[in-house]
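S.K.: Return a 3D structure for these sequence lines:
(chains A, B, C and D)
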Number of protein chains: 2
Amino acid sequence: MSTRAGRGGQNPTMDQVAEAAGVSRATVSRVINGAPTVDARIREMVERAIAETGYVPNVAARSLVTRKSNSVALVISEPDRPYDSSFLNRIFTDPYFGRITAGATAALRPHDIHLVIIPTDSTDHHHVLRYLRQGHVDGVLLISSHEQDPLPRQVHDLGIPAVVSARPATPLATSFVDVDQRLGSRLAADRLLARGCRRLATISGPLDMPAALDRLDGFRSYLADRGFPGVPSVEGDFTRHGGEEGARRLLADHPDVDGLFVASDLMAEGALRAVQDLGRRVPDDLAVVGFDDSSAALDCRPLLTTIRQPVEEMAAEMAEVLMAHIASPGRLPRSVTFQPTLVVRESA
Amino acid sequence: MSTRAGRGGQNPTMDQVAEAAGVSRATVSRVINGAPTVDARIREMVERAIAETGYVPNVAARSLVTRKSNSVALVISEPDRPYDSSFLNRIFTDPYFGRITAGATAALRPHDIHLVIIPTDSTDHHHVLRYLRQGHVDGVLLISSHEQDPLPRQVHDLGIPAVVSARPATPLATSFVDVDQRLGSRLAADRLLARGCRRLATISGPLDMPAALDRLDGFRSYLADRGFPGVPSVEGDFTRHGGEEGARRLLADHPDVDGLFVASDLMAEGALRAVQDLGRRVPDDLAVVGFDDSSAALDCRPLLTTIRQPVEEMAAEMAEVLMAHIASPGRLPRSVTFQPTLVVRESA
DNA sequence: GGGAGGCCAGAGAGCGCTCTCCAGGAGATC
DNA sequence: GATCTCCTGGAGAGCGCTCTCTGGCCTCCC
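M.R.: Below is the predicted model of the structure:
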């Protein structure tokens, strides 16, 4: 198909295309970049020459002058945690990150912008920062969910366009996209109450994550307002295994619990296993509501009733906001909040 | 820390560093690239100037002349399959890809080479090919496991350095890294036989994947040689759900099976669930051996006995071979085969 | 018929870096 | 003391592209 003209296996350059088409380099450039001021006949000649030579623009040369790379980074920042042997394993096992990637890719593709996925733990932040400063990418989508993570501030200080995946723990003049966590936990509480559950409990995410804290506090304070103070909780780690452990601990201390809010579907999957191992029927003896509505909810038996977080849409919005920042660097930061919804299945 | 000198928020250039250090641009370049022919005092002056100005080399300018991008692509090619609503969800949910990423990253990092992760389905191969041709990366690690996948050949035809994750279905002059699949299934068969199982069966991967076919055929032909012809099998899809379904179908047709080889840990996890739902005890009534030794093996109850595939090491080897190809483009393709090992836990 | 104005292609100056070639100085050798 | 060699740093030519400026050719209008 492509003839790979040019000498010695080298890719053909724009000059060679220009020569083949009998026009100047500038005209070839105009055709490639879709400038409107090119005569149709000449455009066609150039396009033929491009096809014949198998020409593909050299991105390095292009971005040297445009100062654009047409790619953005998706930085997934996770601290090293003692109970994770490999953080990459966690990232590539939690459906959340797949959904983020899918949403961002979908939004960027029409603009022909590439997504460079960069997982990072706290030991190599400097690698990431250097990568960003070197101009590999035009902007950053930053997935960071831990309170103490210094990366959002460090990226912000770099001065390159960035959008963070959640409201930063400490105020930062950066754009972010988030979901109304507290509303989500209220929806869960309402569902459990509506089913007639009266002895509620929750398995939270890691309490150094603002999102986890919001879900926990939203759940407990909402219930406290409705006459259920002191709802017990145990801390999980957003893994299947953590959910299983958490449920075991919780039920050991509070065997009479009849309604359980688990702060992620993955944990809920583990929790269901523990609950059923203990001989409780779900939802009859114990109703369970998850959070996320990820693919894990459908892996559960019974199918998991959960709070839907529109992760794909949120990631797409992050990408849109980022592209706006890239297009007009002066633009002020903005935040977008999405509403979660209740998805009723079998477990509650 | 970095002063961000230079005008108007622009990153400082090498010329500005040279001026600050009182040397020429060439000397700054030499310092940055670690040339040995620089006097220690001058080197120090330059380094100070770099620190003061907060200089970071512009990668576009650099790679324009070096013709190197210092990054390689990890292309994960999965066909669209009817039973996958989102292939990204599959990729980000199967521990295999996390292990690949971890192994490749570990090997590349010491060489300061970045990994660009590119998931792709059959609908956007042309995007990927264009990306590769544009010179964004110096080479490709290609994860492709389906027989009909045209991508390995297409990438090969591009003429850029590439290493494939498995022996290509149709011969191709490309380097690849693989595991001895048939040996793996023999190890599984031996383990089951050694436990005293006599009514064996297997849940295979998709039969359009050479790796799945090798595991299936290796298992069956080895057993046939030892007096167990016609071992029953059902086809799975390498997902947890597929394993569950497969086990149900298998046990419906062959209720007396007492030893089961499941061609991936993820499927084994699902199979265990189905088996236990049917009231069979593992391993007493039915012994189960998985394949991979991924994190999923530890999510199983009982813990999964499995065939260890050294995926991280294999990915690291792929990266090493790729770097060798990049360093000396003339080099002939080579293949590396790893040996799987039996990991005994509880399920068999 | 002549001048103004519009349209479209070409010329050429960079973008920021690497790397070859060259020059100058220090040290070594006779 | 003169010549040669070695070592180190500077000058400058590109890498392949974009984009502004320039200028030629039409068309149109008075």
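
S.K.: can you pull up the bridge partners for A:V75?
M.R.: As for beta bridges, A:V75 partners with A:I118, A:L142 under DSSP bridges.

S.K.: All the strands of chain A, residue numbers only.
M.R.: A:71-77, A:114-120, A:139-144, A:162-164, A:175-179, A:200-204, A:233-235, A:259-262, A:287-292, A:305-308, A:335-338, A:341-343 (DSSP state E).

S.K.: can you list the weak-confidence ranges in chain A?
M.R.: Along chain A, segments meeting pLDDT under 70 span A:1-10, A:80-86.

S.K.: okay, how far is it across stretch A:73-91, tip to tip?
M.R.: One end of stretch A:73-91 to the other measures 16 Å (Cα to Cα, to the nearest Å).

S.K.: scratch that, stretch A:137-147 is what I was asking about
M.R.: 26 Å.

S.K.: Kindly report the same for stretch A:54-67.
M.R.: One end of stretch A:54-67 to the other measures 25 Å (Cα to Cα).

S.K.: Check stretch A:139-150 too.
M.R.: Stretch A:139-150 has an end-to-end distance of 18 Å (Cα to Cα).

S.K.: which residues sit against that stretch?
M.R.: Here stretch A:139-150 makes contact (Cβ atoms under 8 Å, 6 or more residues apart in numbering or on different chains) with A:72-79, A:97, A:100, A:104, A:115, A:122, A:125, A:132, A:151-152, A:155, A:160-166, A:169, A:206, A:208-211, A:315, A:318-319, A:322-323, A:325-326. C-beta: built from backbone N, CA, C; applies to glycine.

S.K.: repeat for stretch A:295-302
M.R.: With Cβ under 8 Å, 6+ apart, stretch A:295-302 has contacts from A:95, A:240, A:265-266, A:268-269, A:272, A:282-283, A:290, A:303-304, A:306, A:343, A:345-347, B:89, B:93, B:240-241, B:273.

S.K.: can you give me the offset of that stretch from its chain's centre?
M.R.: Remark: stretch A:295-302 is offset 21 Å from the chain centroid, using Cα atoms, centre = their mean, to the nearest Å.

S.K.: now A:G22: how far from A:T13?
M.R.: 16 Å (Cβ to Cβ, to the nearest Å).

S.K.: Surely A:D180 touches A:T341?
M.R.: No: at 10.6 Å, A:D180 and A:T341 do not qualify as touching, with contact defined as Cβ atoms under 8 Å.

S.K.: for chain A, what spans make up the helices?
M.R.: A:14-21, A:25-32, A:40-53, A:59-66, A:87-91, A:95-108, A:125-133, A:151-158, A:181-194, A:210-225, A:240-253, A:265-277, A:295-299, A:311-327 (DSSP state H).

S.K.: returning to that earlier point: can you redo the strands of chain A as TSV with distance to DNA strand C and mean neighbour count?
M.R.: Converted to TSV, the strands of chain A look like this (distance: least, Cβ to the nearest atom of the strand, whole Å; neighbours: other Cβ atoms under 10 Å in any protein chain shown):
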stretch	distance to DNA strand C	mean neighbour count
strand A:71-77	18	25
strand A:114-120	20	23
strand A:139-144	19	26
strand A:162-164	22	28
strand A:175-179	26	22
strand A:200-204	47	27
strand A:233-235	47	19
strand A:259-262	51	31
strand A:287-292	44	30
strand A:305-308	46	27
strand A:335-338	33	15
strand A:341-343	48	17
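
S.K.: Now for the most centrally placed residue in chain A: which residues touch it?
M.R.: Centroid-nearest residue in chain A: A:I100, 3.2 Å away (criterion: Cα atoms, centre = their mean). For A:I100, the contact set (Cβ under 8 Å, 6+ apart) comprises A:L74, A:I76, A:I143, A:S165, A:V311, A:E312, A:M314, A:A315.

S.K.: can you do 10 Å?
M.R.: Neighbouring residues of A:I100 by Cβ atoms under 10 Å, 6 or more residues apart in numbering or on different chains: A:74, A:76, A:117, A:141, A:143, A:165, A:311-312, A:314-316, A:318, B:88, B:92.

S.K.: Same list (those residues) but as TSV, adding distance to DNA strand D.
M.R.: As requested, these are exported to TSV (distance: Cβ to the nearest atom of the strand, whole Å):
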residue	distance to DNA strand D
A:L74	25
A:I76	31
A:I117	26
A:L141	24
A:I143	31
A:S165	31
A:V311	35
A:E312	32
A:M314	32
A:A315	29
A:A316	27
A:M318	26
B:L88	30
B:F92	34
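
S.K.: out of the helices of chain A, which comes closest to B:T337?
M.R.: Comparison of those against B:T337 by Cβ to Cβ identifies helix A:87-91 as nearest, at 24.5 Å.

S.K.: Next to DNA strand D, which bits of the stretch 51-200 of chain A? Give me the list.
M.R.: Residues of the stretch 51-200 of chain A found near DNA strand D (Cβ under 7 Å from any atom of the strand) are A:Y55, A:P57, A:N58, A:A61, A:R62, A:L64, A:V65, A:T66.

S.K.: Which of the residues you listed has the largest number of neighbours?
M.R.: Neighbour counts for those (other Cβ atoms under 10 Å in any protein chain shown) peak at A:Y55, which has 26 neighbours.

S.K.: so that residue makes contact with A:R25?
M.R.: No: contact criterion Cβ atoms under 10 Å: A:Y55 and A:R25 do not qualify, at 11.7 Å.

S.K.: hey, what's in contact with both of the two?
M.R.: A:T13, A:M14, A:Q16, A:V17, A:A18.

S.K.: May I see those residues arranged in CSV, with neighbour count as well?
M.R.: Below are the shared contacts of A:Y55 and A:R25 laid out as CSV (neighbours: other Cβ atoms under 10 Å in any protein chain shown):
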residue, neighbour count
A:T13, 17
A:M14, 21
A:Q16, 19
A:V17, 29
A:A18, 19
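
S.K.: Just give me the closest of the residues you listed to A:G196.
M.R.: For the shared contacts of A:Y55 and A:R25, the nearest to A:G196 is A:M14 (72.1 Å; Cβ to Cβ).

S.K.: and the gap between the closest one and chain B?
M.R.: According to Cβ to the nearest Cβ, to the nearest Å, A:M14 and chain B sit 13 Å apart.

S.K.: Now for that residue: which residues touch it?
M.R.: A:M14 touches A:24-29, A:32, A:50, A:53, A:55, A:57-58, A:61-62, counting by Cβ under 10 Å, 6+ apart.

S.K.: separation between the residue of the stretch 151-300 of chain A found nearest DNA strand D and B:T13?
M.R.: Residue nearest to DNA strand D within the stretch 151-300 of chain A: A:P161 (18.0 Å; Cβ to the nearest atom of the strand). To B:T13, A:P161 is 21 Å away according to Cβ to Cβ.

S.K.: Same check on A:T13?
M.R.: 25 Å.

S.K.: okay, the helices of chain A, which one's buried deepest?
M.R.: When you average the neighbours per residue for each of the helices of chain A (mean count of other Cβ atoms under 10 Å in any protein chain shown), helix A:265-277 leads with a mean of 25.

S.K.: and that one, does that touch chain B?
M.R.: Yes: contact between helix A:265-277 and chain B is present through A:E269, A:G270, A:R273, A:D277 (criterion: Cβ under 10 Å from any Cβ of the partner chain).

S.K.: Specify which member of the residues you listed is nearest to B:T174.
M.R.: Taking those together and measuring to B:T174 by Cβ to Cβ, the closest member is A:E269, at 39.7 Å.

S.K.: That closest one reaches A:F238, doesn't it?
M.R.: No: the criterion here is Cβ under 10 Å, and A:E269 misses it with A:F238 at 11.4 Å.

S.K.: before we move on, the earlier item: what's the overlap in contacts for A:D180 and A:T341?
M.R.: Shared contacts of A:D180 and A:T341, defined by Cβ under 10 Å, 6+ apart, comprise A:L187, A:Q309.

S.K.: pretty sure A:T305 is touching A:G259, no?
M.R.: No: counting by Cβ under 10 Å, A:T305 stays clear of A:G259, with 11.1 Å between them.
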